[in-house]
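Student: would you be able to build a 3D model of this:
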Amino acid sequence: MDKQALAAFLRSRRERLRPEDVGLPSGSRRRTPGLRREEVAVLAHISTEYYVRLEQGRAPRPSAEVLAGIAGSLRLTPAESEHLHLLAGTAPLHGGTVRRDVRPSILAVIDRLPQTAAIVISATFEVLAWNPLAAALMEDFAERTPAERNLARKAFPIGGATERTPYGISDGTEFQRHVVMQLRTTRAHYPADASVTDLIDELSGNEEFVRLWEQQDVAPAPMLTKTFHHPMVGSVTVDCDSLALTDHDQFLVLYTAPPGSPDADALALLGVVGARDYEGVRSD
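Tutor: Numbering: from 1, shown residues only. Below is the predicted model:
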């Protein structure tokens, strides 16, 4: 049970609600935003004292029934409710550390997709495997160290780095939100993995990361389209599909374009370049 993370998450979800959101009268002026702690406790059918202790990080582990009541009173989404249970230690955690080995069958799949740019990323956004077209569209991952292949680091540059939109993508801001929300879930799943904590601590040197992290949001929205601004072929708009590889807690990300479109032609040209100049299908 991560008491401090649970407390911060509860406070953030309570403060975003208005009394009328849960069927309560607005009443007199409130000094702070959101519901009062006693209102949450009443709606969840628990004592105010216990709920206050939860938000202070001093309470013992709540039962699944108590968490269900709190989730209902705070109007949590299914993803937020799952995150609540993870923080409270009432949901199964992934053992050990984030996995970086990619199944051979997945490596074979991405090697057989010549018209699709494909990558496999870990739960911490490290690019673990790719095909030549992905290298041509994004960068030559084979020339990068594992740390340099981390897309979270590219989204939140530290120090003198200035690139804020990796590969010139059009939805840089949305991608940043996606990274932060996924990393929050990853930290809850892998509380004993120091590499996860170290990455989050490193990214906290970026002010925008800190601002988004403090919002306590989870469950990123799916990224359906993405535009890359490529130095060779210009703008390429692609459909983006992210498929969860649940056994390894990884994601297979596929970039495609409608057949016969200018974007498909651009991908085809990059495919020729990729087949000629880049390696693919790799898992360190």
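Student: where does the stretch 51-200 of the chain dip in pLDDT?
Tutor: Within the stretch 51-200 of the chain, the stretches with pLDDT under 70 are 92-95, 160-165.
Student: at 90 instead, please
Tutor: Low-confidence segments of the stretch 51-200 of the chain (pLDDT under 90): 51-101, 103-104, 109, 111-115, 146, 157-178, 181, 185, 187-193.
Student: which stretches in it count as strands?
Tutor: Here the stretch 51-200 of the chain has its strands, by DSSP state E, counting those that start in this stretch, at 117-121, 127-130.
Student: can you redo those strands as CSV with distance to P146 and mean neighbour count?
Tutor: C-beta: built from backbone N, CA, C; applies to glycine. Output for these, formatted as CSV (distance: least, CB to CB, whole Å; neighbours: other CB atoms under 10 Å):
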stretch, distance to P146, mean neighbour count
strand 117-121, 12, 26
strand 127-130, 8, 26
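Student: which stretch among those strands comes nearest A5?
Tutor: Nearest to A5 among the strands of the stretch 51-200 of the chain is strand 117-121 (23.5 Å), distances taken as CB to CB.
Student: for D217, what are its contacts?
Tutor: By CB atoms under 8 Å, 6 or more residues apart in numbering, the contact list for D217 reads 177, 180-181, 184.
Student: coming back round to it: okay, the strands of the stretch 51-200 of the chain in a markdown table with distance to G159 next?
Tutor: As requested, the strands of the stretch 51-200 of the chain are exported to a markdown table (distance: least, CB to CB, whole Å):
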| stretch | distance to G159 |
| --- | --- |
| strand 117-121 | 24 |
| strand 127-130 | 21 |
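Student: buried subset of the contacts of D217?
Tutor: When neighbours are counted using 16 or more other CB atoms under 10 Å, these contain these buried positions: 177, 180-181, 184.
Student: relative to H83, which of those residues is nearest.
Tutor: Among those, R184 lies closest to H83 (CB to CB), at 7.4 Å.
Student: pretty sure that closest one contacts L86?
Tutor: No. Using CB atoms under 8 Å, R184 makes no contact with L86, being 9.9 Å away.
Student: in what helix or strand does V236 lie?
Tutor: If you go by DSSP states H and E, V236 is part of strand 234-245.
Student: pLDDT of that strand, averaged?
Tutor: Mean pLDDT, computed over strand 234-245, is 89.
Student: picking that back up, nearest to R149 among the contacts of D217?
Tutor: Checking the contacts of D217 against R149 by CB to CB gives V180 as the nearest, at 19.0 Å.
Student: mind checking how far that closest one is from L86?
Tutor: Applying CB to CB, to the nearest Å, the value for V180 to L86 is 16 Å.
Student: what's the answer for F141, then?
Tutor: 31 Å.
Student: which one of those two has more residues nearby?
Tutor: L86 (24 against 20; other CB atoms under 10 Å).
Student: in space, what's closest to the more buried one - neighbours in sequence excluded?
Tutor: Nearest residue to L86 in three dimensions, chain neighbours excluded: A188, at 4.0 Å (CB to CB, 6 or more residues apart in numbering).
Student: what's around the one you found, how many residues?
Tutor: Residues near A188, counting by other CB under 10 Å, number 25.
Student: correct me, but it touches H85?
Tutor: No. Using CB under 8 Å, A188 makes no contact with H85, being 9.3 Å away.
Student: now do the helices in the stretch 151-284 of the chain.
Tutor: Along the stretch 151-284 of the chain, the segments classed as helices by DSSP state H, counting those that start in this stretch run 151-155, 172-189, 194-203, 207-213, 262-277.
Student: quick one: which of those is nearest L137?
Tutor: L137 sits nearest to helix 262-277 of all the helices of the stretch 151-284 of the chain, at 5.5 Å, using CB to CB.
Student: alright, I will stop here.
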